[in-house]
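Q: This is the structure alone, sequence omitted:
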């Protein structure tokens, strides 16, 4: 029986490949050994059951070992997007009250002062070449050095305990942490692996960030089937093509902007010959790109997917329907129910638009340290149901409709969140970064349609009182302080920003005013 996330390693044969990065490949047996050493090291640091461990790394072998070791030691994994800038990382570390931070020396040099200033700074574990880490820190080599096993609470973890906190942009600006139990992660792994038909013979190229729910799922859905994961830190389309050829990749999942880039490359037969499926998540796949993919990978099945971090995964379109219903997000994944409902919770008729509500074992535990936002998004279904039907579901805020055959079609969002490059980001976070520069008096961020990105960010501003806005300096500051996908594509300068009747900034009018 699988109870903890690290139990997934038991699904693979000890002598078969589990993980590859560059020229290093670990078997399931070797990966489990390294995870055990790292878990013992975390316990020796004093990590207790339920304490949070931030992993702020690009993809590498140590990243996966650390992620699984946190589970083995009884801790809670907090993977941080490697694109996050120091201000976002420092917020996450403080918000989850991290006990340990695992990162590289290079990242620590820009991050250290921000996370070491608190009353109880986390213990640092540093990877790579550097000087003596000093008090309150250790190196990865020391952490994983063989020694007397340090006993902790890891063996007492049950599947209802918290396994991970995935931080994603929130509607109020600061990132929100979605809390996943071990049961959530394991149920998601089994469900997605089932419809993708993963087996021990699959080779999955992990292109998406491991801090992203779909990226983390590339690990869990592969390990639950005993498959082989190849890690890549995406730089160029050519690298993806090369690795598909080198490793005989059978499964590849990307977001639409990445597929658009990959569609510019020539794919030789050795890169396509073993591909069994390709999958899309994080936004609608453009029709022309889907057609190109089906022509380029004629033997591969297309899986078009939709997911919520709050429920890990939600729907997929059966590959047999991709030609007939390319605009559909499909039906619920195994062991889940996805409904389209009216505001009162009653189920919409076919063709009637309503809110997507997700039920089942994958529904997460809510938002970390944020009962107010949890109560808004995680609500009983059906509303007012009796005790025998008491259940918490995710009310997504996404609008969709269902056709006569039960297939779902995504329409849009009910809030102002921006969907770009596969990420949902908060306009407030972009606005706060603009205000922090001192170069603007008013700022409103919003998304506009973009064939490649889904949406791109536009920032509308007014200059400081009585002054012009220095957009060049503003953009340089935003590029320094924000991850690349959050940086506005354009800055539009106004003498005054339009407001609605209640005095709020009128985002709808701004979208009409900015071409």
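A: Right, received. Where do you want to start? Source: prediction; values computed, not measured.

Q: Isn't residue 124 up against residue 140?
A: No - in this structure, residue 124 is not within contact of residue 140 by C-beta atoms under 8 Å, at 10.6 Å. From N, CA and C alone the C-beta is placed, and that goes for glycine too.

Q: what about the nearest residue to residue 84 once chain neighbours are set aside, how many neighbours?
A: Of all residues not flanking residue 84 in the chain, residue 483 sits nearest, at 5.8 Å (C-beta to C-beta, 6 or more residues apart in numbering). By the measure other C-beta atoms under 10 Å, the count of residues near residue 483 is 18.

Q: State the pLDDT value of residue 483.
A: Residue 483 carries a pLDDT value of 91.

Q: surely it meets residue 81?
A: Yes - with contact defined as C-beta under 8 Å, residue 483 reaches residue 81; the gap is 6.9 Å.

Q: Flag the shaky bits of the stretch 1-150 of the chain, pLDDT-wise.
A: Filtered on pLDDT under 70, the stretch 1-150 of the chain yields the residue ranges 116-119, 147-150.

Q: where exactly do the helices run in it?
A: When assigned using DSSP state H, counting those that start in this stretch, the helices of the stretch 1-150 of the chain occupy the ranges 28-44, 61-72, 86-95, 105-115, 140-143.

Q: buried ones in the first one?
A: For helix 28-44, the buried set under the neighbour-count rule, 16 or more other C-beta atoms under 10 Å, comprises 28, 31-44.

Q: Spell out, range by range, the strands that occur in the stretch 301-450 of the chain.
A: 301-306, 315-317, 331-332, 336-341, 354-360, 366-367, 378-380, 392-402, 408-413, 418-420, 423-425, 442-450 (DSSP state E, counting those that start in this stretch).

Q: helix or strand right after the last one?
A: Spelled out, it's strand 442-450. Using DSSP states H and E, the next helix or strand after strand 442-450 towards the C-terminus is strand 454-462.

Q: which helices and strands sit right next to the helix or strand that that following strand is followed by?
A: Following strand 454-462 in sequence order, the next helix or strand is helix 471-481 (DSSP H and E). With contacts taken as 3 or more C-beta pairs under 8 Å, 6 or more residues apart in numbering; DSSP states H and E, helix 471-481 sits against helix 427-436, strand 490-493.

Q: For residue 184, pull up the helix or strand it's in.
A: helix 182-196.

Q: I'd like the average pLDDT over whichever helix or strand comes after that helix.
A: Later in the chain than helix 182-196, the nearest helix or strand by DSSP H and E is strand 203-206. Model confidence over strand 203-206, given as mean pLDDT, is 98.

Q: and what of stretch 326-337?
A: Averaged over stretch 326-337, pLDDT sits at 94.

Q: how about it: buried residues?
A: Quick answer for stretch 326-337 (16+ other C-beta under 10 Å): 326, 328, 329, 330, 331, 332, 333, 336.

Q: May I see the helices of the stretch 1-150 of the chain organised as TSV, with distance to residue 472 added?
A: Converted to TSV, these look like this (distance: least, C-beta to C-beta, whole Å):
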stretch	distance to residue 472
helix 28-44	46
helix 61-72	36
helix 86-95	21
helix 105-115	23
helix 140-143	41
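
Q: Out of those helices, which is closest to residue 470?
A: Nearest to residue 470 among these is helix 86-95 (21.2 Å), distances taken as C-beta to C-beta.

Q: mind listing what's buried in stretch 459-469?
A: Within stretch 459-469, the residues scored as buried using 16+ other C-beta under 10 Å are 459, 460, 461, 462, 463, 469.

Q: what about that stretch, how long is it end to end?
A: Counting by C-alpha to C-alpha, to the nearest Å, you get 12 Å between the two ends of stretch 459-469.

Q: With stretch 223-239 instead?
A: 24 Å.

Q: hey, least reliable of the strands of the stretch 301-450 of the chain by pLDDT?
A: Among those, strand 423-425 carries the lowest mean pLDDT, a mean of 78.

Q: Report the contact partners of the residue nearest to residue 242 when sequence neighbours are not counted.
A: Computed as C-beta to C-beta, 6+ apart, the closest residue to residue 242 that is not its neighbour in sequence is residue 271, at 7.7 Å. Listed by C-beta atoms under 8 Å, 6 or more residues apart in numbering, the contact partners of residue 271 are 241, 242, 244, 245, 249.

Q: again, 7 Å this time
A: When contacts are counted by C-beta atoms under 7 Å, 6 or more residues apart in numbering, residue 271 touches 241, 244, 245.

Q: Residue 47 too?
A: Applying C-beta under 7 Å, 6+ apart to residue 47 gives the contacts 53, 73, 75, 99, 100, 152.

Q: Throw the helices and strands packed on helix 471-481 into TSV and include distance to residue 373 and mean neighbour count, thanks.
A: Formatted as TSV, those follow (distance: least, C-beta to C-beta, whole Å; neighbours: other C-beta atoms under 10 Å):
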stretch	distance to residue 373	mean neighbour count
helix 427-436	13	21
strand 490-493	29	16
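
Q: In PyMOL, how would I select just the buried ones from the contacts of residue 271?
A: Selection command for PyMOL covering only the buried members of the contacts of residue 271, criterion 16+ other C-beta under 10 Å:
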select buried, resi 241+244+245
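
Q: In helices, which of the contacts of residue 271 appear?
A: 241, 244, 245 (DSSP state H).

Q: Give the single residue among the residues you listed positioned nearest to residue 360.
A: Proximity of the ones in helices among the contacts of residue 271 to residue 360 was ranked by C-beta to C-beta; the top entry is residue 244 with 33.4 Å.

Q: Name the nearest residue to the closest one, sequence neighbours excluded.
A: Among residues not flanking residue 244 along the chain, residue 271 sits closest, at 4.2 Å (C-beta to C-beta, 6+ apart).

Q: tell me the SS of the one you found?
A: Of the three states, residue 271 takes helix according to DSSP: H, G, I helix; E, B strand; the rest coil.

Q: what pLDDT does it get?
A: 95.

Q: Same check on residue 197?
A: Model confidence at residue 197, given as pLDDT, is 97.

Q: Just the pLDDT at the residue nearest the centre of the chain, thanks.
A: Nearest residue to the geometric centre of the chain (C-alpha atoms, centre = their mean): residue 212, 1.5 Å. If you check residue 212, the pLDDT there is 90.

Q: State the distance from it to residue 291.
A: Distance, residue 212 to residue 291, by C-beta to C-beta, to the nearest Å: 26 Å.

Q: Just the helices from the stretch 201-350 of the chain, written as ranges.
A: Assigned by DSSP H, counting those that start in this stretch, the helices in the stretch 201-350 of the chain fall at 213-223, 237-247, 256-262, 269-272, 287-296.

Q: Skipping adjacent residues, who's closest to residue 8 in space?
A: Excluding the flanking residues, the one nearest residue 8 by C-beta to C-beta, 6+ apart is residue 223, at 4.0 Å.

Q: no no, residue 303
A: Spatial nearest neighbour of residue 303, chain neighbours left out: residue 279 (4.0 Å); criterion: C-beta to C-beta, 6+ apart.

Q: hang on, isn't that neighbour packed against residue 253?
A: Yes - if you go by C-beta atoms under 7 Å, residue 279 and residue 253 touch, sitting 4.0 Å apart.

Q: okay, these two: which has more neighbours?
A: residue 253 (26 against 22).

Q: Give me the pLDDT value at that one.
A: 95.

Q: Assess the claim that it and residue 214 are in contact.
A: Yes - the pair residue 253 / residue 214 is scored as a contact, 6.5 Å apart, by C-beta under 7 Å.

Q: now for the helix holding residue 184, which elements pack on it?
A: When contacts are defined as 3 or more C-beta pairs under 7 Å, 6 or more residues apart in numbering; DSSP states H and E, helix 182-196 sits against strand 162-168, helix 213-223.
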